[in-house]
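Peer 1: Sharing a sequence plus its predicted fold:
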Amino acid sequence: MEQACGSYAIIQNLPNPNLLRFDTPVRRLLLGSQPNIHREVARLPNKRDRSATFRTCLPATPRSITSYAKEMMQTIDYAWRVLTNDSPPIAHDLRKSCASRWVRFHSLPDSKRYAESELEYCEILARHNTIIGTFAAEGDLLHLLTAGYSENLSPERSYPELLAIDPNAEPWRSVQFEENWYFHVFHAVIRWSKGIADPILRLVADDVVREVVFVEEAGLWAYHPYDGGGDVICPDVEARNELALDYSNWLSRHPLGL
């Protein structure tokens with residue numbers, strides 16, 4: 001079945017309400033039977049420490065990233081549904097599908113788009129890390145979504161620069177834009193620490209890679225960096241307003257916040 005979403009068509013087949021079947025190869029995720037889909041979310045009274053206020057409680061026993069990746073591949077559908085009400089997985093459309101919780105920050109002073117020195121690259125990376133670190137604590141697991149394009153349903157990774165940085169990403173969903181043009185979303189897992197995503201963020205800053213999204217494990221928040229800034233989807237409107245106030249110097253002067 002092709003589910004029409006505006007000008008997009010999400011390639012999926014729904015043999016029953018709980019079973020999603022995506023792209024090629026087929027991936028079946030039985031959402032209702034996953035043991036860790038519904039996790040307790042800690043909301044602590046200290047609003048300033050959002051990395052503690054909006055967190056998913058992880059199991060106490062440490063496991064490998066590979067182990068978590070297999071489990072989180074089964075929960076990304078749930079997380080995306082929580083985040084966007086299951087809108088098409090198009091990163092640059094998050095500001096539309098999550099408008100009330102969206103805020104955009106620019107990554108250089110005076111809304112300059114591209115770095116021309118190492119100092120400016122440092123500023124770009126510092127701002128990205130600051131925003132993500134506002135919600136993600138050290139050691140938190142995040143979904144990492146990246147993109148690829150092809151002329152058929154077979155998922156392809158279009159950015160060779162990502163292969164060395166993110167070699168284990170797996171196909172998640174495909175969206176058909178035109179008759180022979182498909183957008184493929186790939187899923188991986190990272191354990192957050194400051195600087196861990198800098199290689200990808202730098203590629204984004206140079207417009208080498210596009211359509212990257214970091215999603216909180218249970219879908220409470222997301223961050224979409226782009227060349228020139230980053231779109232944040234906050235857990236709620238209050239968190240959005242507080243974040244905008246805290247980093248008001250990084251906001252756009254555009255009347256629509258773009």
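Peer 2: Sure thing, it's come through.

Peer 1: Tell me the helix or strand right after the strand or helix carrying residue 125.
Peer 2: If you go by DSSP states H and E, residue 125 is part of helix 118-135. Using DSSP H and E, the helix or strand that directly follows helix 118-135 along the chain is strand 141-150.

Peer 1: Identify each buried residue in that next one, please.
Peer 2: 141-150 (16 or more other Cβ atoms under 10 Å). In short, each C-beta sits where N, CA and C put it, glycine included.

Peer 1: Over to stretch 159-166?
Peer 2: 159, 162, 165-166.

Peer 1: which residues touch that stretch?
Peer 2: 144, 146-148, 157, 169, 186, 188, 199-200, 203, 208-209 (Cβ atoms under 8 Å, 6 or more residues apart in numbering).

Peer 1: please redo it, this time with the cut-off set to 7 Å
Peer 2: For stretch 159-166, contacts defined as Cβ atoms under 7 Å, 6 or more residues apart in numbering pick out 144, 146, 157, 188, 199-200, 203, 208-209.

Peer 1: averaged over its residues, what pLDDT does it have?
Peer 2: Across stretch 159-166, pLDDT averages out at 89.

Peer 1: Number of residues surrounding the closest residue to residue 139 other than its chain neighbours?
Peer 2: Taking Cβ to Cβ, 6 or more residues apart in numbering, and ignoring the residues beside it in sequence, residue 139 has residue 191 as its nearest neighbour in space, at 6.0 Å. The tally of other residues near residue 191 (other Cβ atoms under 10 Å) stands at 13.

Peer 1: Could I get the pLDDT score of residue 191?
Peer 2: pLDDT, residue 191: 94.

Peer 1: Quick check: bridge partners of it?
Peer 2: Note on residue 191: beta-bridge partners residue 141, judged by DSSP bridges.

Peer 1: where in this protein is pLDDT low?
Peer 2: Within the chain, the ranges that satisfy pLDDT under 70 run 1-74, 255-258.

Peer 1: Apply 90 and report the result again.
Peer 2: 1-75, 85-93, 95-96, 149-160, 163-164, 166-168, 175-182, 252-258 (pLDDT under 90).

Peer 1: just to revisit the earlier point, ok and the helix holding residue 125 relative to strand 141-150, angle-wise?
Peer 2: 120 degrees (axes from the mean of the first three to the mean of the last three Cα atoms, to 10 degrees).

Peer 1: Buried residues, helix 118-135. List them.
Peer 2: Applying 16+ other Cβ under 10 Å to helix 118-135 flags 120-121, 123-125, 127-129, 131-135 as buried.

Peer 1: cool, and stretch 172-189?
Peer 2: Residues of stretch 172-189 classed as buried by neighbour count (16+ other Cβ under 10 Å): 172-176, 182-189.
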